[in-house]
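*Asks:* The sequence and its predicted three-dimensional model are supplied below.
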Amino acid sequence: MKGGRLFTGMMTLGLAGLLAGCASPNVPDYLRTAKLTRVDELRTVRYCEIFLIGGDVITRDLYGEVFNTTELNNEADPQDTCPQPLWAKIDAEALKKRYLALGVYKNGPRGWVNDWFELPISPDVRSFNGLDTRWFMKVELPKGFRPGRSAESAYKTIKAVRSSVMGFVKGQPVFILEDPSGTPWVMHAWSMTVDPKLSNADLKNLGSRLKFSPGWKYRVRVLDQDLTIKAVNGIALITQDELENTYDACFEENGENACSFKP
């Protein structure tokens, strides 16, 4: 979703090789033309994302324009919007040059854990080497973010600029990171980047695999009511664990709560 190191893997971008200065990927201002869109029946759907990275290398103020495959490329199998043969063809270095970006990050494959979402999405389909995508969001990458270094980037807060709502339905499990302050971060996507064999069925026991930052813990809850998580003032706070699974925070700002309740 509109957000992520992510949403957070991180990328095939090597910051050490970037030229000093600023750069903006050569793409339209999709936020101005995006249309509010609801997508249902998401849980366990496989997808991928391409981040076109821009920003200021000197100050390390970097952002990603995020293009997502959800609902596309899936005529043969609606559960797979990122077929591996198409994903394998994505040449990050070639895309970096084509779009005049600081770098390109291949985020995925991933699987949705939420049941639905609603957010402004570009109606235009952009194809990257035959893989169809739509613009989903813009994310601010955390200071000190080092692409491809999952352990170093884990448990850091990422700001996703989006006007989104995501939903988790009653009776379904939710997978939660809890930070030292007691704030729950609810997983909305698992990643197959670090561990290609990681599946939805593995998530209930994920806590035994994670090497938490001090004070963090992992738990699972089966919902007794529907849960929604929304962006607050156009911002969602997300984080990832060292396997690059992505979570949204149940935070409060100026009296407005991101989550309909704290699970």
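*Replies:* Here it is on my side, so go on.

*Asks:* Pull out the buried residues from stretch 220-235.
*Replies:* 227-232, 235 (16 or more other CB atoms under 10 Å). No exception for glycine: its C-beta is placed from N, CA and C like everyone else's.

*Asks:* can you redo the residues you listed as a markdown table with secondary structure?
*Replies:* Converted to a markdown table, those look like this (DSSP: H, G, I helix; E, B strand; the rest coil):
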| residue | secondary structure |
| --- | --- |
| Leu227 | strand |
| Thr228 | strand |
| Ile229 | strand |
| Lys230 | strand |
| Ala231 | coil |
| Val232 | strand |
| Ile235 | strand |
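
*Asks:* okay if I get the residues you listed as JSON lines plus pLDDT and distance to Lys35?
*Replies:* JSON lines is the format used below for the buried residues of stretch 220-235 (pLDDT from 0 to 100; distance: CB to CB, whole Å):
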{"residue": "Leu227", "pLDDT": "98", "distance to Lys35": "25"}
{"residue": "Thr228", "pLDDT": "98", "distance to Lys35": "20"}
{"residue": "Ile229", "pLDDT": "98", "distance to Lys35": "21"}
{"residue": "Lys230", "pLDDT": "96", "distance to Lys35": "18"}
{"residue": "Ala231", "pLDDT": "93", "distance to Lys35": "16"}
{"residue": "Val232", "pLDDT": "95", "distance to Lys35": "21"}
{"residue": "Ile235", "pLDDT": "89", "distance to Lys35": "20"}
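
*Asks:* so which of these comes closest to Phe168?
*Replies:* Lowest distance from Phe168 to the buried residues of stretch 220-235 (CB to CB) belongs to Leu227, with 4.3 Å.

*Asks:* about what we covered before: and the buried residues of stretch 220-235, which is closest to Asp132?
*Replies:* Ala231 (25.4 Å).

*Asks:* From what I see, the closest one and Met166 are in contact.
*Replies:* No: using CB atoms under 8 Å, Ala231 is not in contact with Met166, being 9.4 Å away.

*Asks:* Identify the residue nearest Trp87 in space, chain neighbours excluded?
*Replies:* Take Trp87 and drop its neighbours on the chain: the residue closest to it by CB to CB, 6 or more residues apart in numbering is Cys48, 5.6 Å away.

*Asks:* swap in Val104?
*Replies:* Ala92 (4.1 Å).

*Asks:* Which parts of the stretch 1-150 of the chain are helices?
*Replies:* Counting by DSSP state H, counting those that start in this stretch, the stretch 1-150 of the chain has helices at residues 30-33, 84-88, 92-98, 150-153.

*Asks:* Just tell me which of those ends up closest to Gly111.
*Replies:* helix 84-88 (13.6 Å).

*Asks:* ok, residues contacting the closest one?
*Replies:* 48, 73, 106, 108-109, 129-131 (CB atoms under 8 Å, 6 or more residues apart in numbering).
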